[in-house]
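>>> What shape does this take:
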Amino acid sequence: MTGDLLPRLRSDPQIARFWRHRSEDNLQRSKQLLIEFLCSNAGGPVYCAGRDMKTSHKRMGISDSDWSVFMGHIHAALEDFQVPKAERDAVVALIEGAKQDMVEAA
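Sure, this is the predicted structure:
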């Protein structure tokens with residue numbers, strides 16, 4: 001799913017700015033951190049080597065509108081991969097739990 005999600009995010013006119021001027025290596029690192037975040041916070045045995053969400057997203061200026069666009073892509077990717085509703089709801093809840101640490105700007 002992350003292989004599908006990141007291109008969606010990078011091509012969205014509103015939120016693409018968060019991935020501009022990043023090297024391919026940095027983009028691959030972002031993908032890996034997303035995987036680790038999801039697995040670790042879902043209770044899996046994976047350790048997330050990245051910084052906490054608040055530190056990682058500090059001063060990025062992520063707005064509620066940016067968050068809504070991001071979540072729209074999450075929902076679309078989960079639907080495209082035909083993730084069953086119960087699991088889809090669990091993933092969405094897990095990600096929504098990080099919102100307060102990521103959204104800074106109104």
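
>>> Grab the most central residue of the protein for me.
Central residue of the chain (C-alpha atoms, centre = their mean): Leu34, 6.2 Å from the mean position.

>>> which residues are in contact with stretch 95-105?
37-38, 41, 52-54, 57-64, 66-67, 71, 74 (C-beta atoms under 8 Å, 6 or more residues apart in numbering). C-beta coordinates here come from the backbone N, C-alpha and C atoms, glycine included.

>>> make it 7 Å
53-54, 57, 61-64, 67, 74 (C-beta atoms under 7 Å, 6 or more residues apart in numbering).

>>> Just the buried ones out of the residues you listed, please.
Neighbour counting with 16 or more other C-beta atoms under 10 Å marks 53, 57, 62, 67, 74 as buried within these.

>>> Which of those residues fall within helices?
Within the buried ones among the contacts of stretch 95-105, residues falling in helices by DSSP state H are 53, 57, 67, 74.

>>> How many neighbouring residues does Asp66 have?
20 (other C-beta atoms under 10 Å).

>>> for Leu5, same thing?
19.

>>> Tell me how far it lies from Ser23.
19 Å (C-beta to C-beta, to the nearest Å).

>>> The protein: helices as residue ranges?
2-11, 24-41, 53-57, 64-80, 85-96, 99-102.

>>> Output the last one as CSV, restricted to C-alpha atoms.
Once non-C-alpha atoms are left out, helix 99-102 reads as follows in CSV (Å, rounded to 0.1, in the frame of the first residue of the first chain):
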residue,chain,number,x,y,z
LYS,A,99,-3.2,13.9,13.9
GLN,A,100,-2.7,16.0,17.0
ASP,A,101,1.1,15.6,16.7
MET,A,102,1.2,16.4,13.0
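
>>> List the buried residues in it.
Met102.

>>> For that helix, what is the distance to the chain centroid?
11 Å (C-alpha atoms, centre = their mean, to the nearest Å).

>>> do the same with stretch 31-45
11 Å.

>>> Tell me the buried residues in it?
Under 16+ other C-beta under 10 Å, the buried positions of stretch 31-45 are 33-34, 36-38, 40-41.

>>> can you check stretch 13-23 too?
15, 18-19.

>>> ok, back up a step: show me which pair in the buried residues of stretch 31-45 is furthest apart.
Leu33 and Asn41 (11.9 Å; C-beta to C-beta).
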